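> Coordinates for the following, if possible.
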Amino acid sequence: MGSLEITSENFDTEVMQSDKPVLLDFWAPWCGPCKMIGPIIEEIAQETTDIKVGKVNVDSCPELASRFGVMSIPLLAVLKGGEVVDRMAGAAPKDVILDFVASCK
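This next block holds a predicted model:
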C-alpha cells in the first residue's frame, strides 16, 4: 500500500483512529528537500505493513501544519494512539528514517 494523502477531512479517521503507528510527512510541492525524501517515503509506505504512512501538504492543509507546530519542512512525525511520539525535521537517507520510525514503535 502506498502513502495516503492526509487532509483535514480524513485526519481523524486515518490518523487519530488508526490501530497502527502513523508516519506523517509534512511537505510542500515547492520544497527541494521534500522532493528528495518523497520517493523514500513512498518506498517505506510500499515496504512496511506495520505502520501507516501519510503525507500532509502544508500548503493545502495549513490548519494541520499549525496544529502540529510545523515551522520547517520536511517534518516527519510518528503518532501512536493519536499522540505524537517523536518528530524529525529535514531530509535524511532511508536508513535514518527507518531507524527513526523503528525507535518510535
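> check contacts around the residue nearest the centre of the chain.
Centroid check for the chain by C-alpha atoms, centre = their mean gives L24 as the closest residue, at 1.5 Å. By C-beta atoms under 8 Å, 6 or more residues apart in numbering, L24 lies in contact with 6, 15, 54-56, 68, 76-79. To be clear about C-beta, it is placed using only N, CA and C from the backbone, and glycine gets the same treatment.
> In strands only, show me these.
54-56, 76-79 (DSSP state E).
> from those, which is closest to P93?
L76 (12.7 Å; C-beta to C-beta).
> List the residues that contact the closest one.
So L76 contacts 23-26, 87-89, 97, 100 (C-beta under 8 Å, 6+ apart).
> can you redo the ones in strands among the contacts of L24 as CSV with distance to G38 and pLDDT?
Formatted as CSV, these follow (distance: C-beta to C-beta, whole Å; pLDDT from 0 to 100):
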residue, distance to G38, pLDDT
G54, 13, 97
K55, 8, 97
V56, 13, 98
L76, 12, 97
A77, 16, 97
V78, 18, 97
L79, 20, 96
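> who wins for most neighbours among the residues you listed?
The most crowded member of these, judged by other C-beta atoms under 10 Å, is V56 (28 neighbours).
> Residues in contact with the lengthiest helix in the chain: which ones?
Ordering each helix of the chain by length in residues (DSSP state H) puts helix 32-47 first. Helix 32-47 has contacts (C-beta under 8 Å, 6+ apart) with 1-3, 23, 25, 27-28, 53, 55, 73-74, 90-94, 97-98, 101.
> What subset of the residues you listed is buried?
Burial by neighbour count, judged by 16 or more other C-beta atoms under 10 Å, picks out 3, 23, 25, 27, 53, 55, 73-74, 91-92, 97-98, 101 from the contacts of helix 32-47.
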